[in-house]
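Asker: Quick check, what structure comes out for this input:
(chains A, B and C)
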Amino acid sequence: MPSVQVIAVPGAEGAGRLRVPGEPDRHVPDLAAAMAELERAHRPRWVLPATDEVYPALLRSGVRLGRFHDLALTEGILLACAGEPGRPRNLAAAVARLRGLPEPADRPPPSRAEQPALFEPERATVPAHGDPLDAAQAVLADQQRRIDADPAPLRLLVAAESAGALAAAEMSHHGLPWRADVHDALLTELLGPRPAGGARPVRLAELAEQIAAAFGGTQVNPDAPASVVRAFKKAGIDVPSTRAWVLREVDHPAVAPLLQYKELARLWVAHGWSWLDTWVHEGRFRAEYVVGGVVSGRWATRGGAALQLPKALRTAVRADPGWVLVVADAAQLEPRVLAALSGDRKLAEVSTSVDLYASLAADSFDGDRAKAKVAMLSAMYGGTSGGAGPLLAVLRNRFPDAVGYVEQAARAGEAGELVRSRLGRTSPPPSAAWRALTGSFEQDEGTERKSRQAARNWGRFTRNFVVQASAADWALTVLASLRRRLAATAPDAQLVFFQHDEVLVHCPAERAATVASEVDSAAAEASRLVFGDTPVRFPLQAATVDCYADAK
DNA sequence: CGAACTTGCGCC
DNA sequence: AAAGGGCGCAAGTTCG
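Answerer: Take a look at the predicted model:
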């Protein structure tokens, strides 16, 4: 069912240009209003140079888009597929590439201090010369050709990536409901009252004194690893580092206060009062997501460390009165993805259980869940430390297809080849330095060792890439499906948070059942779209709660 | 003196 | 024999 495709290009001061098939190009003084009108009347497939140049302003005007193609994100995906992920992806660069002209660089991300203009035209990377509508149309046609020429289902990937970009902007627009008073109370309980002028809280000062006392009054700065290592050395203990898991094995009276200090100092520094002041306003935490910010297709964030919110702070995430949070969390996504990718029948059987690791343990590890998990993680990450080697061997014996799949990806990486996700997202090529190091012959022993190590490192990256990127394919497809479904059946529901394999919806309480049901449908649809007819189950568990901390 | 690197830890 | 994927952030340290 082909539908109208409308190209929109932003201009200065909220104006813009529109190209609707079969109509003369239009210059509109208020692009948001014109797009809103077209969206209502035709629900077209929109084509824009870049989501973040236009959509935040549209959202502030109350406009939400449905179907969408983001030229810059698509260009990024296609460049990676061609083995050239470093080249600029903005519209001006893409059209320059088509015409054999120099490619203008991508603009650096805006600093948060910048006051956002309506369409930020000075940041817009539309071509300086020629008609930007012609440029967008030419690039779009070329992208469609490249998508069709690729054996991978890039059409799905591009649709999911574009929908994800809209969802990301909507999440920033709505914001995650955040109770600053609850957060402040938690900080006060753990650290003591908020000190003036950002000074060290009393609880940390007390712990620092205890640490110094435990070292017999030696000067020691608990924030400086080198200082702590020196203090232990003076006490006759050699520690290779001051990582928490290292210190935990050390028998010394300073260890307990040090571990406590590190934990609380981390909370204070990363998510203390100044974080609260900077990132939470009017009851909302507005993260800035960077769609396509990770080569695997995961999102990154800019500022606020939105994807590293400590679990302890989830208690501050509370639904508004009369509203609820629907928390949808994929259970053990990556091993299931590996089962589906590899077509391993036995692992697929194991994956019918919601607790995959428990059933894997029952199958192969005498019921020892911890061993089963270590074995699976070492297959997907390429690690064999801490006794994981023999466990991985058990896994390889029982599930040769699954383990063979990631080991094949590792060998490809060691050979400098590219690997791809299920939907065709492609790993970056190794650097020239890597090729020089691994490709040369007649090496001395030291270089030889370094060369093998570099190859193994890259193999670990590509081994993990096929799983992580395919999991991102699935999660992004879930998000796109859920977004479309909610617009149809629960339009007042808001997507407010997305973290790799978990999505939060904030909605009126009476809408929760509908949202939860759409979560189920989205998971089923994504599994079918990404993995086709697979026996592997991908549970996406939806919990309806008032407080994020109460989910699972 | 600021830039660049290192360390350590939070999340998945 | 040993071999742990992806990110962001802030403080300390070293570099230039």
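
Asker: Per-residue pLDDT of the residue nearest the centre of chain A, please?
Answerer: Among the residues of chain A, the one closest to the centroid is A:Trp299, at 2.8 Å (C-alpha atoms, centre = their mean). According to the predicted model, the pLDDT of A:Trp299 comes to 94.

Asker: ok, now which ones touch it?
Answerer: A:Gly164, A:Ala168, A:Tyr289, A:Val290, A:Val291, A:Gly292, A:Gly293, A:Leu307, A:Phe498, A:His500 (C-beta atoms under 8 Å, 6 or more residues apart in numbering). Where you see a C-beta, it was placed from the backbone N, CA and C, and this is true even at glycine.

Asker: Now, of these, which are buried?
Answerer: Buried members of the contacts of A:Trp299, scored by 16 or more other C-beta atoms under 10 Å, are A:Gly164, A:Ala168, A:Tyr289, A:Val291, A:Gly292, A:Leu307, A:Phe498, A:His500.

Asker: would you turn the residues you listed into a markdown table with distance to DNA strand C, secondary structure and pLDDT?
Answerer: Supplementary listing: the buried ones among the contacts of A:Trp299 in a markdown table, determined by distance: C-beta to the nearest atom of the strand, whole Å; DSSP: H, G, I helix; E, B strand; the rest coil; pLDDT from 0 to 100:
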| residue | distance to DNA strand C | secondary structure | pLDDT |
| --- | --- | --- | --- |
| A:Gly164 | 16 | helix | 96 |
| A:Ala168 | 14 | helix | 96 |
| A:Tyr289 | 10 | strand | 92 |
| A:Val291 | 12 | coil | 94 |
| A:Gly292 | 11 | coil | 90 |
| A:Leu307 | 6 | helix | 90 |
| A:Phe498 | 13 | strand | 95 |
| A:His500 | 7 | coil | 93 |
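
Asker: Between those, which sits nearest DNA strand B?
Answerer: Of all the buried ones among the contacts of A:Trp299, A:His500 has the smallest distance to DNA strand B: 4.3 Å, by C-beta to the nearest atom of the strand.

Asker: Distance check, the closest one against A:Gly217.
Answerer: From A:His500 across to A:Gly217, the span is 46 Å (C-beta to C-beta, to the nearest Å).

Asker: Also A:Leu31?
Answerer: From A:Leu31 over to A:Gly217 (counting by C-beta to C-beta), the distance is 68 Å.

Asker: do the helix or strand harbouring A:Val467 and DNA strand B meet at all?
Answerer: Using DSSP states H and E, A:Val467 maps to helix A:445-489. No. Counting by C-beta under 7 Å from any atom of the strand, no contacts exist between helix A:445-489 and DNA strand B, the nearest distance being 7.6 Å.

Asker: what is the rounded mean pLDDT of that helix?
Answerer: On average, helix A:445-489 scores 93.

Asker: same question, stretch A:530-547
Answerer: Mean predicted lDDT for stretch A:530-547 stands at 95.

Asker: What residues of it count as buried?
Answerer: A:530-531, A:534, A:536-545, A:547.

Asker: From those, which land in helices?
Answerer: Among the buried residues of stretch A:530-547, the residues falling in helices (DSSP state H) are A:Val530, A:Phe531.

Asker: Kindly present the buried residues of stretch A:530-547 as TSV, with separate columns for distance to A:Ala340.
Answerer: Converted to TSV, the buried residues of stretch A:530-547 look like this (distance: C-beta to C-beta, whole Å):
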residue	distance to A:Ala340
A:Val530	8
A:Phe531	4
A:Thr534	5
A:Val536	4
A:Arg537	10
A:Phe538	8
A:Pro539	13
A:Leu540	14
A:Gln541	18
A:Ala542	21
A:Ala543	24
A:Thr544	28
A:Val545	29
A:Cys547	34
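
Asker: right, is stretch A:267-284 up against DNA strand C?
Answerer: Yes. Using C-beta under 7 Å from any atom of the strand, stretch A:267-284 reaches DNA strand C at A:Val269, A:Ala270, A:Trp275.

Asker: Which single one of these is nearest to DNA strand C?
Answerer: For these, the nearest to DNA strand C is A:Val269 (4.5 Å; C-beta to the nearest atom of the strand).

Asker: where's the closest one relative to A:Val228, distance?
Answerer: Separation of A:Val269 from A:Val228 (C-beta to C-beta): 16 Å.

Asker: Those two: which has the busier surroundings?
Answerer: Neighbours per residue, other C-beta atoms under 10 Å: of A:Val269 and A:Val228, the larger number sits with A:Val228, 23 against 12.

Asker: Wasn't the more buried one part of a helix?
Answerer: Yes. With DSSP: H, G, I helix; E, B strand; the rest coil as the criterion, A:Val228 is assigned to a helix.

Asker: Could you check the pLDDT of the residue in chain A that DNA strand C sits nearest to?
Answerer: Residue nearest to DNA strand C within chain A: A:Gly383 (2.1 Å; C-beta to the nearest atom of the strand). Residue-level confidence at A:Gly383 comes out at 83, pLDDT.

Asker: mind checking how far the residue nearest to it when sequence neighbours are not counted is from DNA strand B?
Answerer: Leaving aside its chain neighbours, A:Gly383 sits nearest to A:Leu377 (7.3 Å; criterion: C-beta to C-beta, 6 or more residues apart in numbering). Using C-beta to the nearest atom of the strand, to the nearest Å, A:Leu377 is found at 10 Å from DNA strand B.

Asker: ok, now A:Gly413?
Answerer: Taking C-beta to the nearest atom of the strand, one finds A:Gly413 at 19 Å from DNA strand B.

Asker: With A:Ser351 instead?
Answerer: From A:Ser351 to DNA strand B the distance is 17 Å (C-beta to the nearest atom of the strand).

Asker: do the same with A:His174
Answerer: For A:His174, the distance to DNA strand B - C-beta to the nearest atom of the strand - is 20 Å.

Asker: so is A:Leu101 in a helix, a strand, or just coil?
Answerer: State at A:Leu101, reduced to three classes by three-state DSSP: coil.

Asker: hey, where'd the strands end up in the stretch 51-200 of chain A?
Answerer: According to DSSP state E, counting those that start in this stretch, the stretch 51-200 of chain A carries its strands in the segments A:67-70, A:176-177.

Asker: Which one of those lies nearest to A:Val9?
Answerer: Comparison of the strands of the stretch 51-200 of chain A against A:Val9 by C-beta to C-beta identifies strand A:67-70 as nearest, at 13.1 Å.

Asker: ok, and the helix or strand in chain A with the lowest average confidence?
Answerer: Every helix and strand of chain A was ranked by mean pLDDT, DSSP states H and E. The lowest is helix A:432-439, at a mean of 87.

Asker: Quick one: distance of that helix to the chain centre.
Answerer: Relative to the chain's own centre, helix A:432-439 is displaced by 29 Å; criterion: C-alpha atoms, centre = their mean, to the nearest Å.

Asker: just checking, what packs against it?
Answerer: Packing contacts for helix A:432-439, counted by 3 or more C-beta pairs under 8 Å, 6 or more residues apart in numbering; DSSP states H and E, involve helix A:445-489.

Asker: now the angle between helix A:432-439 and the helix it packs on, please.
Answerer: Going by axes from the mean of the first three to the mean of the last three C-alpha atoms, to 10 degrees, helix A:445-489 is angled at 130 degrees with respect to helix A:432-439.
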